[in-house]
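# Structure here, sequence nowhere to be found:
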């Protein structure tokens, strides 16, 4: 869980450390920012504070933050760009810095509108990279077995990986949501048609549990040698600990070669495929928004750019002069 790191403490005065700690608490408790976003903000802020300490020639105080000029902030962004970070990362780092200064101003700690004078880098417009329906089904249902070939891999591990891939595609889950399931959720997967998933920002949504998902989860639970209480993690590593997302990422990286999939085939691509294929089949955009847990419909609308054929069909069916 992100907080003021040792490096930040070393590079800031006591009052600045206290103010930054209050900002992290605000993000975590009041804003309910997702853990991954919080960690990214923490890394971004650590780099900014390190730059400021170098720029100021010592620990960064609130006075230094109050005296920060647009030229100083542009110098930081230029340094990061020179280090090779992408425009998207630069935009996120500027967003973190802007959030800090707005928080400090709101609390009456530091008033400096420096971030208002800096434009975020333009981010190239992109659309989600979905797999074909055939590739997604093959990846979800037989991918885990194909990935290991004839290697001596325990049957329960193959069943585990198959269950995870099936959840990502069959329910549109984020990888963090799938790996966050507990043993109690296994009972729901086995006995109910829907389940409640808590996503980003603590937002809960209902997702359907289709037969392939139920069957894959049941097989994994039956074979898994690691049994814990209801609150314990459902998906376990070989040694019994909570499964790490990197294991799933490495699995799909291996499968890209086995199945001849593009580099865009990632765990999150299965979630994109879930939404795109539902849209292709005529699902309502609002329903897809609910299933994905998007707070805004504009976030979901990007899938209409992926499936232009669907848009044309809707136009031909609905427009009076089509």
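Alright, I've got the coordinates. Keep in mind that this is a model prediction, so the values were computed, not measured.
# Over to residue 60: give its phi and psi.
Backbone geometry at residue 60, expressed as degrees, to the nearest 10, gives phi -80, psi 120.
# where's it relative to residue 191, distance?
With distances taken as Cβ to Cβ, to the nearest Å, residue 60 is found 55 Å from residue 191. Where C-beta positions appear, they are placed from N, C-alpha and C, glycine not excepted.
# can you check residue 70 too?
Residue 70 is 59 Å from residue 191, by Cβ to Cβ.
# likewise residue 206?
15 Å.
# Settle it for me: which of these two has more neighbours?
Counted by other Cβ atoms under 10 Å, residue 206 and residue 191 do not tie: residue 206 has more neighbours, with 12 against 9.
# give me the low-pLDDT residue ranges for the stretch 101-250 of the chain?
Within the stretch 101-250 of the chain, the ranges that satisfy pLDDT under 70 run 124-127, 147-151.
# Helices of that one, residue ranges please.
Assigned by DSSP state H, counting those that start in this stretch, the helices in the stretch 101-250 of the chain fall at 133-148, 155-170, 175-179, 183-191, 211-223, 245-259.
# so of the ones you listed, which one's packed in deepest?
Mean neighbour counts were compared across the helices of the stretch 101-250 of the chain using mean count of other Cβ atoms under 10 Å; the top stretch is helix 155-170, at a mean of 24.
# May I see the buried residues of stretch 292-305?
Going by neighbour count (16 or more other Cβ atoms under 10 Å), the buried part of stretch 292-305 is 292-294, 300, 303.
# Next, check those against the strands and list the overlap.
Using DSSP state E, the subset of the buried residues of stretch 292-305 located in strands is empty.
# didn't residue 41 look like it was pressed against residue 96?
Yes: using Cβ atoms under 8 Å as the test, residue 41 is close enough to residue 96 to be in contact (4.5 Å).
# Which one's more surrounded, these two?
Set side by side, residue 41 and residue 96 give different neighbour counts by other Cβ under 10 Å, the larger being at residue 41 (22 against 19).
# In which helix or strand does that one reside?
Assignment of secondary structure by DSSP states H and E places residue 41 within helix 35-56.
# which secondary structure elements does that helix contact?
helix 6-11, helix 14-25, helix 62-66, helix 70-82, helix 87-106 (3 or more Cβ pairs under 8 Å, 6 or more residues apart in numbering; DSSP states H and E).
# Identify the bridge partners of residue 182.
Following DSSP bridges, residue 182 is listed with bridge partners residue 233.
# before we move on, back to that, turn the helices of the stretch 101-250 of the chain into TSV, columns for distance to residue 26.
Compiled in TSV, the helices of the stretch 101-250 of the chain are given as follows (distance: least, Cβ to Cβ, whole Å):
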stretch	distance to residue 26
helix 133-148	39
helix 155-170	32
helix 175-179	22
helix 183-191	31
helix 211-223	37
helix 245-259	27
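# Next up, the contacts around residue 99.
Counting by Cβ atoms under 8 Å, 6 or more residues apart in numbering, residue 99 touches 23, 27, 41.
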